[in-house]
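>>> requesting a structural model of the entry that follows:
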Amino acid sequence: MDMNDVAVRGLVMLGCGKMGSAMLRGWLRTGLPPQSVYVIDPHPSDWVKTQGVRINADLPAHPAIAVIAVKPQMMAEALPDVGALGDGQTLVISVAAGTPIATFEKVLGDKTPIVRAMPNTPAAIGHGITALIGNANVDEDGMLMAEALLLSVGECVRLDNEDQMDAVTAVSGSGPAYVFHLIETLAAAGVAEGLPPALAMELAKATVGGAGELAETSDEDPAQLRINVTSPNGTTQAALEVLMDAETGFPALLRRAVAAAARRSQELANG
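This next block holds a predicted model:
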């Protein structure tokens, strides 16, 4: 299977909200013909309506790809719409958080090739990271096709087993919210030290954004980058003695936060 095959046989999207739209934008930008895309969504956005894709139309008999991008709470209602796609000829890719592969196998049949994917919200600007795991029916070509589609919104990594998905959800799936809260609280701390709110927020956003890009692009690991910024007995060291405290600092706090997110991911998967 390649992109030409997808263009001929079609790509079905079940749900086209923020994440689905981010992926669709990437595919159209890289040359997938809009008339090859079939969107099933009861409330398509105005943007989707202007892209030339087929909206709530009759589906092709054997599309190359079906992407399921609806929220877990809507899954039971939405799945019957793609029940006919479980003939083994369509690669099903799920980006639905908290929904295990077994849920799709019950509806689509155990012969269906299914890839479970966990992208994150920076996919909206092409800087996401997506973790992938396929069931036993997904061959290497299928994994490569899933990666090709998801590389349009950022990086991809493969998991060794599906059990890792809860931890991925807790780290990278929910992780952007942790960073956004860091920006909020860093700005608020600046205000508490006398900065005007707008200036504090501008400084916090640029600092977190720039540090993140440096961490991603540097040959040095984050620990070394931290050391590079920290002069002995300086201002950064004074702050890090608070942030790195074993009981009250980031290490214990983030460990609890990530564990809580992973537990909730497991609860969603178990219904």
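>>> for residue 158, which residues are in contact?
131, 132, 133, 143 (C-beta atoms under 8 Å, 6 or more residues apart in numbering). Just so you know, the C-beta spots here come from the backbone N, C-alpha and C atoms, and that holds for glycine as well.
>>> in three-state terms, label the nearest residue to residue 62 once chain neighbours are set aside for me.
Spatial nearest neighbour of residue 62, chain neighbours left out: residue 89 (4.5 Å); criterion: C-beta to C-beta, 6 or more residues apart in numbering. Secondary structure for residue 89, judged by DSSP: H, G, I helix; E, B strand; the rest coil, is coil.
>>> neighbours of residue 89, how many?
14 (other C-beta atoms under 10 Å).
>>> could you do residue 233 as well?
For residue 233, the count of nearby residues is 7 (other C-beta under 10 Å).
>>> please tell me how far it sits from residue 63.
Using C-beta to C-beta, to the nearest Å, we find residue 233 at a distance of 63 Å from residue 63.
>>> what ranges do the helices span in the stretch 151-271 of the chain?
Along the stretch 151-271 of the chain, the segments classed as helices by DSSP state H, counting those that start in this stretch run 165-168, 175-192, 197-217, 222-229, 235-243, 250-269.
>>> could I get those helices as JSON lines with mean neighbour count, mean pLDDT and distance to residue 22?
Shown next, in JSON lines, are the helices of the stretch 151-271 of the chain (neighbours: other C-beta atoms under 10 Å; pLDDT from 0 to 100; distance: least, C-beta to C-beta, whole Å):
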{"stretch": "helix 165-168", "mean neighbour count": "22", "mean pLDDT": "95", "distance to residue 22": "18"}
{"stretch": "helix 175-192", "mean neighbour count": "14", "mean pLDDT": "98", "distance to residue 22": "13"}
{"stretch": "helix 197-217", "mean neighbour count": "13", "mean pLDDT": "97", "distance to residue 22": "19"}
{"stretch": "helix 222-229", "mean neighbour count": "12", "mean pLDDT": "97", "distance to residue 22": "26"}
{"stretch": "helix 235-243", "mean neighbour count": "12", "mean pLDDT": "97", "distance to residue 22": "32"}
{"stretch": "helix 250-269", "mean neighbour count": "15", "mean pLDDT": "93", "distance to residue 22": "21"}
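>>> among the ones you listed, which is nearest residue 40?
helix 250-269 (22.4 Å; C-beta to C-beta).
>>> give me the contact list for that closest one.
For helix 250-269, using C-beta under 8 Å, 6+ apart, the contacting residues are 72, 97-100, 165-167, 169-171, 173-174, 178, 243-244, 246.
>>> contacts only, for the most centrally placed residue in the chain.
The centroid of the chain falls nearest to residue 119 when counting by C-alpha atoms, centre = their mean (1.5 Å). By C-beta under 8 Å, 6+ apart, the contact list for residue 119 reads 19, 22, 23, 95, 128, 129, 130, 150, 153, 154, 173.
>>> the most far-flung residue of the chain relative to its centre and residue 82, how far apart?
In the chain, residue 233 marks the outermost C-alpha relative to the chain mean, sitting 39.9 Å out by C-alpha atoms, centre = their mean. Distance, residue 233 to residue 82, by C-beta to C-beta: 61 Å.
>>> can you add distance to residue 104 and give the helices of the stretch 151-271 of the chain back as a markdown table?
Below are the helices of the stretch 151-271 of the chain laid out as a markdown table (distance: least, C-beta to C-beta, whole Å):
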| stretch | distance to residue 104 |
| --- | --- |
| helix 165-168 | 14 |
| helix 175-192 | 25 |
| helix 197-217 | 32 |
| helix 222-229 | 36 |
| helix 235-243 | 42 |
| helix 250-269 | 12 |
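>>> thanks again, I'm all set now.
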